[in-house]
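Participant: Pasting the sequence and the predicted model now:
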Amino acid sequence: MKTFALAGNPNSGKSTLFNSLTGSRAYVGNWPGVTVERKEGTYLNKKKNQEAKIIDLPGIYSLSPYSPEERIARDYLLSGEPDLVIAVVDSTNLERNLYLTLQLLEMDIPVVVALNMSDALAKQGRSVDVKALSDGLGVPVISISALQSHNLDELMALSLKAAERKRVGQTILSHELIAKAKDIYSEEEAPSPLFHAIKALEQDEVEEKDHPEAYKRVGELKPDESLSSSFADARYRFLEPLVKKCLSGKSTKAKEKLSLSDKIDKVLTNKWAALPIMALIMFLIFHIVFGTDLLYIGSIYSAATGNSLFAEGFGGVELIIDGETYQPFADLFYSTDGVNNLGEFLHMLAGDNETGILGCISLGIKQGLININTPTWLVNFLYDGVLGGLAAVLGFVPQIMLLFVFFSFLEDSGYMARVAFVLDRIFRHFGVSGRAFLPMIMGFGCAIPAMINTRSLSSEKEKIKTIRVIPFFTCGAKAEFLVIIAAVIASIVGVDAGLFTFLTYVFGVAVALIAVIVMTKTTLKEEAPPFIMELPSYHLPQPKALALHVLDKGGHFIKKAFTIIFASTVIIWFLANFSWDYTPVWTLEGEAAETSSILYSLGNLLQPLFTPMGFGVQAGNNGWIYAVASIQGIVAKENVVATAESLSGVAGYGSFADFALASGISTAGLVGFAVFNMLTIPCFASVATAKGELGSKKAYINTLLFWLVTSYGLGTLAYITCEWVWTLAITLPCLAGLIVGLYFYNRPKKIKEVNA
Ligand code: GDP
Ligand code: MG
């Protein structure tokens, strides 16, 4: 079977093409030696009886390696393994993309140019003269749309044909030394001598390492130092007229399109406006997903009529289970906090084991079990232990998926790239490069893919720093308990829950940034590595791509709910319902029933540890629940909610929110609880990923310590701050004054040193 490699700039659509070609017949692994994702799959056309192995190479801008990706792509193409390379080109950005193609043409390997995004080009009212471009480049060219699967079978047929014949590298460069250098490599019997010759003349570092002998002999030809930039110039000078000739259509319209993206950027990446706009966009998203009263319909309605909207619940659905009355949809549209925004509505619709759809199902199962005379303990186990934990987690899935819809939208539209760009401009001063923000932002979804994404970072130190702070970017699972705690605190303090949830996200990001800066200045000192990134022009994300993105993330959640979280809730239920001598606690009476479970004594043992953060001894007899929930969070963050909900039930409260209000800890203690669980050691799965990515044992142990110390320290600080706001309102300005004073005291000396 022939092997085809897909090479092209980032965002040229390689992965989309790969997925369209290979469907489900794909395998994801790593490139040998380095840990950059390697995707391999098979194209199969049963009708024409055609097949080929497809390799998705990492996105690159050139073959002069500055990054691990470029090195991988180059080595693979030269390895002799692929029979042909498909140069994937974004046809809406021809000139830039063909620059890489010209370098690919220098290798001794058949090339087919796939002009991707033909649909987008057509929308701009433009088209490419495929024949003229093919004549200009000397290789087959075909127009395709990876997204709409247009012309893909034709591309494969063309490639299969082109792969039949050998091809010798060609260049558009004309310099007298090229032929001489090529002879040197030919004598050394290196494959692709032309490619190596040109790289040696460009004084490419990798070339020097890979072929030291030949490189030295090329050096004896005394090539001009500036050949590398004059070659780059020559390539663009070749491409400009070629592209002009091949590209037709209303270029005015194209310019308008281009300038629209530029115009948007003028505002969105503006020096002053960028950050406030970013904050506003994020706030709106959180308000829609977690807040109430978006349109204030509820307030307007009650002001106008004096009645509250939907206060009677939804259609008066009532369930009487085991003698108790439930109204599963009572808070669907409206609660005491106001009209539910879309996200909260979805949450209420899905519900937990007393409300919403999941509530109806759980309660139905409970009644069914009672009807068939199931023993009470088994009913309790299935209802509180199993269904309670599951429903608590699953109830959040639609709401969290809505959040993912917004994040995926920002990512696919090109806005997230701007965020990295804007943040790079600011944080470069502190030695942090924008490149690290891309994996960090992915952390909002889930820390695991985010940590894997750090493989693209060029420096080891940058990678360690990034992996450490990724968990501070609140992931979907952490969002669950933050939402609950935010709702409790918001109701006590009287602020909007959406605003409060948003602030917890901001807090996480702030901690991450400060931590990175501190590490850069202390234990992991370095200059910010250069950050080269092309800002893709804005486009409306395709619903299909968006849906795939979101479903992928949602599916991950649901799978986790039924495996690891399911298992932990069952274990916790047993520990919470049996004493050390295996007596079921429900057979005990009064005080003993509450205090003889195994979990109670374990939690009690650990409880004092959390005192500095406000949820230890302060919570008295209830403290063990916070302790157990926090420890469970290290297994999976969803467990914080699942455990807290089911143990609150054990302790005789309807929900964790009721428990939190009654448990005896202060609002400040709740803040401490939230901060600690947000920042502490993430779930098992991310810890395992971090271990694999960090490589060295020392870095791994230090990272675990880093998480523990940061969460404990900041949890304590947050508690103290909130508990003694007024004391601190006086001491902190004094401290700040002292620091500013010290700074100014030190500054003049530094300036003198620089001048000297
Ligand atoms: P890669 O970085 O080269 O792997 O690029 P991706 O496959 O991730 O694609 C980048 C973006 O371009 C995604 O948002 C795709 O949905 C979009 N895209 C890919 N192919 C096409 C296409 O043929 N037409 C259009 N309009 N968009 C495309
Ligand atoms: Mg890709």
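Facilitator: Perfect, I can see it now. Ligands and ions are numbered 1, 2, ... in the order given.
Participant: mind checking which helix or strand Ile572 is in?
Facilitator: Counting by DSSP states H and E, the element that carries Ile572 is helix 566-577.
Participant: So which bits of that helix are buried?
Facilitator: Counting neighbours by 16 or more other CB atoms under 10 Å, one finds that the buried residues in helix 566-577 are 566, 568-569, 572-573, 575-577. Heads up, the C-betas are built off the backbone N, CA and C, glycines and all.
Participant: Looking at these, which is nearest ligand 1?
Facilitator: Nearest to ligand 1 among the buried residues of helix 566-577 is Phe566, at 33.7 Å by CB to the nearest ligand atom.
Participant: List the contacts of the nearest residue to that closest one once chain neighbours are set aside.
Facilitator: Counting by CB to CB, 6 or more residues apart in numbering, Phe566 lies nearest to Leu390, which is 6.4 Å off, once chain neighbours are set aside. Applying CB atoms under 8 Å, 6 or more residues apart in numbering to Leu390 gives the contacts 561-562, 565-566, 569, 642.
Participant: Closest to Thr520 out of those residues?
Facilitator: Compare each of the contacts of Leu390 with Thr520 using CB to CB and the shortest gap goes to Ile565, at 36.2 Å.
Participant: wait, what's in contact with the closest one?
Facilitator: Ile565 makes contact with 389-390, 393, 636, 638-639, 642 under the criterion CB under 8 Å, 6+ apart.
Participant: Confirm Gln148 sits in a helix?
Facilitator: No. Membership of Gln148 in a helix is not supported by DSSP: H, G, I helix; E, B strand; the rest coil, which gives coil.
Participant: Now do the strands in the protein.
Facilitator: Under the criterion DSSP state E, the chain carries strands at the ranges 3-8, 26-30, 37-45, 50-56, 84-90, 111-116, 126-128, 141-143, 247-249, 319-321, 324-326, 334-335, 338-339.
Participant: right, so of those, which gets closest to Leu402?
Facilitator: Using CB to CB as the criterion, the shortest distance between Leu402 and those is 16.4 Å, found for strand 338-339.
Participant: what about the residue in the stretch 601-750 of the chain positioned nearest to ligand 1, how many residues close to it?
Facilitator: When scored by CB to the nearest ligand atom, the stretch 601-750 of the chain has Glu693 as its residue closest to ligand 1, at 21.2 Å. By the measure other CB atoms under 10 Å, the count of residues near Glu693 is 21.
Participant: let's have the chain start at 574 instead
Facilitator: Right, with 574 as the first residue, what we last looked at is Glu1266.
Participant: Could you measure from it over to Thr842?
Facilitator: With distances taken as CB to CB, to the nearest Å, Glu1266 is found 31 Å from Thr842.
Participant: ok, now which ones touch the nearest residue to Phe859 once chain neighbours are set aside?
Facilitator: Distances taken as CB to CB, 6+ apart put Phe1075 closest to Phe859, at 3.8 Å, once the chain neighbours are dropped. When contacts are counted by CB under 8 Å, 6+ apart, Phe1075 is found next to 855-856, 859-860, 863.
Participant: Selecting buried members of these in ChimeraX, what would you type?
Facilitator: The command below creates a ChimeraX selection of those among those that count as buried (16+ other CB under 10 Å):
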select :855,856,859,860,863
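Participant: Where among the strands of the chain is average confidence lowest?
Facilitator: Averaging pLDDT over each of those singles out strand 599-603 as the lowest, with a mean of 51.
Participant: one step back: same list (the contacts of Phe1075) but as TSV, adding distance to Ala1224.
Facilitator: As requested, these are arranged in TSV below (distance: CB to CB, whole Å):
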residue	distance to Ala1224
Met855	36
Phe856	35
Phe859	31
His860	33
Phe863	26
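Participant: Select, from the contacts of Phe1075, the two members most distant in space.
Facilitator: When these are compared pair by pair using CB to CB, the farthest-apart members prove to be Met855 and Phe863, with a separation of 11.7 Å.
Participant: returning to that earlier point: for the buried residues of helix 1139-1150, which one is nearest Phe1003?
Facilitator: So of those, ranked by how close each gets to Phe1003 (CB to CB), first place is Ser1141, at 39.3 Å.
Participant: doesn't Gly1206 make contact with that closest one?
Facilitator: No. With contacts counted by CB atoms under 8 Å, Ser1141 stays clear of Gly1206, the gap being 10.2 Å.
Participant: how many neighbours does Phe1073 have?
Facilitator: Each residue near Phe1073 was counted by other CB under 10 Å, and the total is 22.
Participant: For it, list the residues it contacts.
Facilitator: Taking CB under 8 Å, 6+ apart as the test, what Phe1073 contacts is 1059-1060, 1062-1063, 1066.
Participant: distance of the residue nearest to Phe1139 from Ser1219?
Facilitator: For Leu963, the distance to Ser1219 - CB to CB - is 10 Å.
Participant: One more: Leu1278?
Facilitator: For Leu1278, the distance to Ser1219 equals 31 Å [CB to CB].
Participant: And the pLDDT at the residue sitting nearest the centre point of the chain?
Facilitator: For the chain, Met1015 is the residue whose C-alpha lies nearest the centre (CA atoms, centre = their mean; 1.5 Å). Note on Met1015: pLDDT of 76.
Participant: same check, this time on Ile934
Facilitator: Here the pLDDT value assigned to Ile934 is 94.
Participant: With Leu942 instead?
Facilitator: Per-residue pLDDT puts Leu942 at 94.
Participant: contacting residues for it?
Facilitator: By CB under 8 Å, 6+ apart, the contact list for Leu942 reads 951-952, 955-956.
Participant: For the residues you listed, give me a markdown table that also has neighbour count.
Facilitator: Formatted as a markdown table, these follow (neighbours: other CB atoms under 10 Å):
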| residue | neighbour count |
| --- | --- |
| Leu951 | 11 |
| Val952 | 18 |
| Leu955 | 17 |
| Tyr956 | 22 |
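Participant: can you tell me which of these are in helices?
Facilitator: Residues from the contacts of Leu942 lying in helices, with DSSP state H as the criterion: 951-952.
Participant: now, among the contacts of Leu942, which is nearest to Asp838?
Facilitator: When the contacts of Leu942 are compared against Asp838 (criterion: CB to CB), the nearest one is Tyr956, at 54.4 Å.
Participant: give the contact list for the closest one.
Facilitator: Applying CB under 8 Å, 6+ apart to Tyr956 gives the contacts 926, 935, 938-939, 942.
Participant: try Leu694
Facilitator: Shown here is Leu694, whose contacts under the criterion CB under 8 Å, 6+ apart are 664-665, 688, 700-701.
Participant: filter the buried residues of helix 1139-1150 down to the ones near ligand 1?
Facilitator: Contacts with ligand 1 within the buried residues of helix 1139-1150, as defined by CB under 6 Å from any ligand atom: none are present.
Participant: ends of stretch 1037-1053, how far apart?
Facilitator: 27 Å (CA to CA, to the nearest Å).
Participant: any idea how far the residue lying closest to Val1042 once chain neighbours are set aside is from Phe811?
Facilitator: Residue nearest to Val1042 in three dimensions, not counting chain neighbours: Ala1085, with 3.8 Å by CB to CB, 6+ apart. Here the distance between Ala1085 and Phe811 works out to 45 Å (CB to CB).
Participant: so what's the nearest residue to Gly792 once chain neighbours are set aside up against?
Facilitator: The shortest distance from Gly792 to any non-neighbouring residue, by CB to CB, 6+ apart, is to Ala773 (7.8 Å). Neighbour list for Ala773: 754, 758, 780-781, 784, 787-788, 791-792 [criterion: CB under 8 Å, 6+ apart].
Participant: mind checking pLDDT for Ala773?
Facilitator: Per-residue confidence (pLDDT) for Ala773: 93.
Participant: Check Val890 too.
Facilitator: What the model reports for Val890 is a pLDDT of 74.
Participant: Tally up the residues packed near it, please.
Facilitator: By the criterion of other CB under 10 Å, Val890 has 13 neighbours.
Participant: go on, Arg810?
Facilitator: Residue crowding around Arg810 was assessed by other CB under 10 Å; the count is 11.
Participant: Tell me how far it lies from ligand 1.
Facilitator: From Arg810 over to ligand 1 the distance is 26 Å, taken as CB to the nearest ligand atom, to the nearest Å.
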